[in-house]
Every structure is written in structure tokens, then in C-alpha cells.
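Participant: Sequence and predicted structure, then a few things I'm wondering about:
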Amino acid sequence: MAEQPQETTPKNTVKIEKSGPCKKKVIIEVPRETITKATDAQYETLRKDALVPGFRKGRAPKRLLEKRFGKEVGEQTKLKILAEASDSAIKDNKLDVLREPAIDYEKIELPAEGALKFEFEVEVRPEFELPKLEGIPVDKPKHVVTDGNVDREIEMLCKYAGTWTPKDNGKIELEDQVVADVMLNIEGQEQKVDNTEIYARANGFIADVPVEKLDEILIGAKTGDVKTAEVEVPKTFFREELRGKKVDIKITIKDIKWLRPAELNQDTISKCGVATEEELRKAIREKLEGRLEGQAKQEMAEQIYKYLLDNISIDLPADVAADQAVALLRRQYINLMMQGIDKEQIDKNIEQLKANTEQQAKEQLKVFFIMDKIAEKLDIKTTDEEINGHIAHLAVQKHVRPERMREEMQRDGSLEQFKLQVREQKCVTKLLESAKITEVEPKAQKPKAEKVEIHKHKKTTEKTEAKPAKKAETATKHAHPKKAKAADKEKPEKKTKPTTRKKKT
């Protein structure tokens, strides 16, 4: 007996056109035979369960089913055909789409005769070539810990382990502590604060009121003197009841103290967790070397990012970039409000803030696509053990259990982004292994401005930055680097898709 030829379903006709940067238009024609088969199959499924008066279950004729359920069957058939046809077109043409296709199902009608034609657009991953990844030129700052560096750390250690000592018949000097009675006149409302502590510094506080050039007001005064100050509190001040108000301050000086540093004796050394001064110096040197090595790695990583951004041209998907900019603007808006900046002031600068976030979003997306392609080329992946190790480190910093930290990250959706960040760090480390590294003298750092305007906000990205060294640390933290190890390491940040990195301003 001759073998019967198998019945085949005719294929859809698919045409792909470029419709913009990282955007493809997909034009699909579904033949009539496919529509007929899908419709018949839908009626067969319906016939098995439909209850039609006068007919047993599963025995109702198709014409009655069409009369009663034609509209619903047509809609279900249409949705099934559109979903299968679009998925098949994307898969068969290997389109690396960034999001689901935007198909307006309600506007597409299933034709009574002939083929079904429809089209949609999708944003696809940008195509670009990677530059040479071996031998990237990188300068490594040549940091050296000197005896002078160690001496300064010990001096700071003794200072912060010191005691405030009264000055006998002395005058106020910079950094002195002043005990005073203060009378505040806040736009006619008087408030008295007795025995409050004030520090003679350039920008300080008197009874929670910010005072610029406070050192100029206090330096040279002595016990019994009365000093006055007129202050206009910034509109961005964290205490809402003082924002924008004028405050007249009267300061009656009662006592003056200076910080007497602790002596570097056996008692001070023992409090630092070591037995001898030699061990103390060794511990401090190791801590400083670790800190400088971390700074050097950070600067080298920044050079890797710059090399990649400078040598790769990418057309970004417009809609994804817009969504990223909106999300970034929303986060920065909230962050500024949490810092105490007045909403009206933020709104006045919103256009500039938008421009900044749009530029940042573009750079962040470029980094995401570049690192994703590098990870694929170099076959860099992350294991569960690696992720768990990073989560455990983060949990130590936050003083929570690792399993609880992981659960929180799963709930808020940041776990996947965390994995991407860890992979990105591995990519940078891999590139540094094959980089052409030249040791250079470190550049002199410019002093940071104390006041930051709203338009000079720090850019937020996803690459982790090294934490700046604190000006004042506890004696134990200075002396014993092992005890402070967890607090000194970098802290990965939660991220939102696409991944981003933190960039210095």
C-alpha cells in the first residue's frame, strides 16, 4: 500500500525591515489555510464542552456553534494566530528583542476571506564591534605608604582617643569646643538653649542652626564674652520649621575646651588590639596599603570603562533609553527630596536635571550592552557560590543574615541585577589581567567643594565605587585593619534594568 503524503501547513510569509536605530519592522502574512485550520480546531475544542439545547454534549453541529459562539471563537482564533505568528517570526529570524512586541490586537481583524496581514515593531539589541580587548593601556598610580603616612594615622588615632580639657584663661582657637548659653530669635520667636556645645569650625551648628564662618565669629573670644550672629537658614535645610527663616543668635561663652590627644602609651596601644607599638605600626601600614591598592584598582577600572566607551559606537534603542532616563530621573528626584532639598527648588531645575539624566541613561545603557557582549565573548559567567559569597559580604555590612538578604533581593527584584553587577566586575577584572599596565606617579587630588548645587548632583550608575576614607574613625578601626575589613570593602548597589554603573563626577 502506497504511503500517504503527510499534510503540511503552509508557512507564513515574513519580511523584516529596519525602521530605526535598534528597531525592526516585522511584516507577516498568514495564509488562509492556517486561519481555517486554527478556526476548525477551535470549534472542535468548543464542541466537546458546549451545551446546546436539543443536542447531546459533543454532538452540536458546527453551524449552530458558529451562530452562538462565532464572535468569541473568532477572537480566540485571532489571538492564537497573532501570538504564534509573531513568536515564530522573532525566533526564526533570530531577532534579539529587548521587550515584547507592541501589537495592537484590537485593531487587527481576522479576515472572512484571504490571508491575514499584520505588522509590528520591536526594539532589538544594538549591533556593534568590540575593540581589541587585550593590551588595553592602563596607568596604575604608584602609591607608597611612607613612615610619615603611618605617623599621621597614629596622630589621628591619639587625637580621637583624646579628652576635652578645659582651657584656663585661654582664648578660643580653631577646633576648640565651646560650652555656651544661646538665645535664638527666630523671626520674633525666642528660644533659649543652655549649656550647649559648639565647635569652632568654618561651617558649624549652634543649637541645630547652621552657621557659616562660625570660626570667624568665635576665634579669639574668651570665657564671659558674648558673641552674636545673624543667620538666614537655607530653604533646603533638613529641619522644615527653620527653612528660609532669619535667626538672630546671642552666644554667652561659659567654658572653652581643647582636645588633648591621648599619649601613645601601652594603655592606648592595648585598646587598639595589639601588644606593641611595632605591631600597631605594622597593622596601620597594612591597612593603608590595602586602602591605596583599592583606590588604584578603582582608578584602573575607570580607565577600562573609558577605553570601551571611547572606542565603541552604539546606536541605542530609543524607547529603552527613554524608559531608562525616566526611571533614573524619578530616582534622583526622590533622592534629592530625601536629602532635604525643597521640591520647588528641584522643580525649578527640572529641565537641567532631565538633560543630565538623559545623558547618564545613554551612558549606562552603553555600558550594559558593552559588558554583556564582553561577557559573552570571554565566556564569563557567575556561579551560585559566587553570588552567595557577595550576598554574604553585603549581609555582614548590613548586619543581617545572608538568607534574609537574599530573600529581600528576590522580593524587590534586585537579585538579577546584582548578578549582572557581579558579572560586570568579573569582566573588568579579566580585562585588567591582560591590560598593558604602566606605573605612574599619582595625580594630586583637588579639594572637594563642600557645597553641591542641585545641577551638580552625583551621577548614579551601577558599577560599585570605592568608599571614600572617613575623616574620623575609631581608634580600633585605625589600628586593626582586620576588625574593620568588612566596613572598608566596596558595597554593591541594587540595580534596575538595564544595568548601570556609578560614575565619579
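Facilitator: Noted; the coordinates are in hand. Numbering: from 1, shown residues only.

Participant: burial measure for residue 441, as a count.
Facilitator: 10 (other C-beta atoms under 10 Å). Quick note: C-beta positions are derived from backbone N, CA and C, even for glycine.

Participant: Name all residues that make contact with the residue lying closest to residue 173 once chain neighbours are set aside.
Facilitator: Take residue 173 and drop its neighbours on the chain: the residue closest to it by C-beta to C-beta, 6 or more residues apart in numbering is residue 219, 6.4 Å away. Contacts here follow C-beta atoms under 8 Å, 6 or more residues apart in numbering; on that basis residue 219 touches 171-174, 200.

Participant: ranking these by neighbours, who comes first?
Facilitator: Neighbour max across these (other C-beta under 10 Å) = residue 172, 25 neighbours.

Participant: where's that one relative to residue 395, distance?
Facilitator: Between residue 172 and residue 395 the distance is 46 Å, computed by C-beta to C-beta, to the nearest Å.

Participant: sorry, back to before: and the pLDDT for the residue nearest to residue 173?
Facilitator: Model confidence at residue 219, given as pLDDT, is 94.

Participant: Would you list the phi and psi of it?
Facilitator: The phi and psi torsions at residue 219 (degrees, to the nearest 10) take the values phi -60, psi 130.

Participant: what residues are up against residue 256?
Facilitator: Under the criterion of C-beta under 8 Å, 6+ apart, the neighbours of residue 256 are 166-167, 170-172, 176-179, 222-223.

Participant: one step back: out of the contacts of residue 219, which comes closest to residue 374?
Facilitator: Distances from residue 374 to the contacts of residue 219, taken as C-beta to C-beta, are shortest for residue 174 (51.1 Å).

Participant: Correct me if wrong: that closest one contacts residue 200.
Facilitator: Yes: Residue 174 sits in contact with residue 200 when judged by C-beta atoms under 8 Å, with a separation of 5.7 Å.

Participant: Now the common contact residues for these two.
Facilitator: 215, 219.

Participant: what residue ranges in this structure score low on pLDDT?
Facilitator: Within the chain, the set of residues satisfying pLDDT under 70 comprises 1-9, 47-62, 64-66, 340, 342, 444-505.

Participant: Got the domain ranges for it?
Facilitator: Per the record's domain assignment (automatic domain parsing), the chain is made up of the domains 13-123, 137-143+269-444+453-488, 163-260.

Participant: gap between the two ends of the last one?
Facilitator: Right, domain 163-260. Using C-alpha to C-alpha, to the nearest Å, one end of domain 163-260 lies 5 Å from the other.

Participant: And stretch 203-210, by the same measure?
Facilitator: Using C-alpha to C-alpha, the end-to-end distance of stretch 203-210 comes out at 7 Å.

Participant: buried set for that stretch?
Facilitator: Within stretch 203-210, the residues that count as buried by 16 or more other C-beta atoms under 10 Å are 204, 206-207, 209-210.

Participant: which residues make contact with it from outside it?
Facilitator: Residues contacting stretch 203-210 (C-beta under 8 Å, 6+ apart): 182, 184, 191, 193, 196, 198, 211-215, 229, 231, 233-234, 237, 239, 242, 247, 249, 251, 450.

Participant: now do stretch 132-147
Facilitator: Counting by C-beta under 8 Å, 6+ apart, stretch 132-147 makes contact with 285, 288-289, 292-293, 295-296, 299-300, 303-304, 307, 374, 377-378, 431-432, 434-443, all of which sit outside it.

Participant: The helix or strand where residue 181 lies: how far from the chain's middle?
Facilitator: Secondary structure assignment for residue 181, by DSSP states H and E: strand 177-186. Here strand 177-186 is found 41 Å from its chain centre; the criterion is C-alpha atoms, centre = their mean, to the nearest Å.

Participant: Next: stretch 26-45.
Facilitator: Here stretch 26-45 shows a centroid-to-chain-centroid distance of 47 Å under the convention C-alpha atoms, centre = their mean.

Participant: Give me the next element, helix or strand, following the longest strand that the chain contains.
Facilitator: The strand spanning the most residues in the chain, taking DSSP state E as the definition, is strand 246-260. Using DSSP H and E, the helix or strand that follows strand 246-260 towards the C-terminus is helix 266-271.

Participant: helices or strands next to that following helix in the packing?
Facilitator: Packed against helix 266-271 by the contact rule (3 or more C-beta pairs under 8 Å, 6 or more residues apart in numbering; DSSP states H and E) you find helix 475-479.
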